[in-house]
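S.K.: Structure for this input, please:
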Amino acid sequence: MTDENPQTEFDSPWKGIIKLYFQEFMRFFFPTIHTEIDWTKEPEFLEQEFQQIVRDAELGKRLADKLVKVWLVDGEETWFLIHIELQGQYEKDFAQRMYVYHYRIYDAYKRTVVSLAVLGDENRQWRPSQFNYEKFGCSIDFRFPIVKLLDYQQRQSELSASRNPFAMIVMGHLQAIQTQNNRVERKNQKFALFRQLYEQELEKQDIIEIFNILD
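M.R.: Model prediction:
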């Protein structure tokens with residue numbers, strides 16, 4: 001955790017950690033969906049395909065967007081758009097962009113699409129989860145699940161007790177926001193997180209990966 005803007009610090013690292021720990025990501029943030037996925041089949045990340053969809057949509061570069069192919073326990077195939085938005089400010093057209101991504105993915109693959117968003121901004125009131133319009137009886141009502149990282153500030157004991165790598169990553173994200181104007185406190189919080197990481201007695205490789213993300 002350095003002294004730069006949390007948005008800059010966390011966009012790129014989250015892109016890698018989601019791919020590395022996708023099952024843990026779903027278990028931590030979207031547990032109901034996690035139970036419906038057949039984890040005996042390896043999820044397939046469609047990086048190039050999704051980037052093509054983004055370019056076609058002319059909506060700009062999104063570092064942490066993910067498109068993942070998974071199977072459900074009932075044998076049905078579905079597609080997940082995992083969209084991590086770690087901006088530190090309100091974005092007016094976020095829900096519209098989620099809708100555009102959603103319908104373009106469906107148009108490309110003709111498969112069920114489940115769009116999900118994790119919001120890492122600092123605005124507690126900003127919770128975009130719906131895009132809709134109606135005219136002359138023609139209407140669209142697009143809704144998608146969201147997770148607000150700020151909500152975990154009231155769940156610190158739960159985060160500390162969890163062995164899911166995303167619990168530690170969320171703590172790092174929250175502390176980066178809280179200490180962005182205090183270098184000394186940020187350093188103290190950083191070492192406290194590292195100490196807690198080692199105390200969890202995780203596998204060596206997991207410690208290295210999470211350490212790198214937090215750092």
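S.K.: What is the end-to-end distance of stretch 75-91?
M.R.: Distance across stretch 75-91, first residue to last, is 37 Å (CA to CA, to the nearest Å).
S.K.: buried stuff in stretch 183-203?
M.R.: Arg186, Gln189, Lys190, Leu193, Phe194, Leu197, Gln200, Leu202 (16 or more other CB atoms under 10 Å). Glycine gets a C-beta too; all of them are placed from N, C-alpha and C.
S.K.: any weak-confidence spans in this structure?
M.R.: 1-12, 54-64, 81, 83-89 (pLDDT under 70).
S.K.: ok, which stretches of it are strands?
M.R.: For the chain, the strands defined by DSSP state E occupy 44-45, 65-71, 77-85, 113-119, 130-135, 138-143, 146-148.
S.K.: For Met98, which of these is the nearest?
M.R.: strand 113-119 (5.4 Å; CB to CB).
S.K.: Could you list the residues in contact with that closest one?
M.R.: Strand 113-119 is contacted by residues 29-30, 33, 78-86, 94, 98, 101-102, 105-106, 126-129, 144-149 when judged by CB atoms under 8 Å, 6 or more residues apart in numbering.
S.K.: Dihedrals phi and psi, the residue of the chain positioned farthest from its centre?
M.R.: Ranked by distance from the centre of the chain (CA atoms, centre = their mean), the top residue is Phe136, with 36.6 Å. Phi and psi for Phe136, reported as degrees, to the nearest 10, are phi 50, psi 40.
S.K.: go on, Phe30?
M.R.: phi -130, psi 70.
S.K.: Surely it and Pro145 touch.
M.R.: Yes: counting by CB atoms under 8 Å, Pro145 is a contact partner of Phe30 at 6.6 Å.
S.K.: and those two? which has more neighbours close in?
M.R.: A count of neighbours by other CB atoms under 10 Å puts Phe30 above the other of Phe30 and Pro145, at 19 against 14.
S.K.: what residues are up against that one?
M.R.: Phe30 is in contact with Leu116, Pro145, Val147, counting by CB under 8 Å, 6+ apart.
S.K.: Take these and lay them out in TSV including distance to Phe45.
M.R.: Converted to TSV, these look like this (distance: CB to CB, whole Å):
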residue	distance to Phe45
Leu116	15
Pro145	20
Val147	20
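S.K.: Let me see the contact set for the residue lying closest to Trp126 once chain neighbours are set aside.
M.R.: Counting by CB to CB, 6 or more residues apart in numbering, Tyr90 is the residue found nearest to Trp126 once chain neighbours are left out, at 5.1 Å. Applying CB under 8 Å, 6+ apart to Tyr90 gives the contacts Asp121, Asn123, Trp126.
S.K.: Give me the buried entries from the residues you listed.
M.R.: Neighbour-count burial (16+ other CB under 10 Å) applied to these gives Asp121.
S.K.: ok, of the contacts of Tyr90, which one's closest to Ala167?
M.R.: Closest approach between the contacts of Tyr90 and Ala167, by CB to CB: Asp121, at 19.8 Å.
S.K.: ok, that closest one to Arg97 distance?
M.R.: Asp121 sits 15 Å away from Arg97, going by CB to CB, to the nearest Å.
S.K.: And Ser139, by the same measure?
M.R.: 19 Å.
S.K.: Pick out whichever of those two has more residues nearby.
M.R.: It is Arg97, of Ser139 and Arg97, that has more neighbours when counted by other CB under 10 Å, with 22 against 9.
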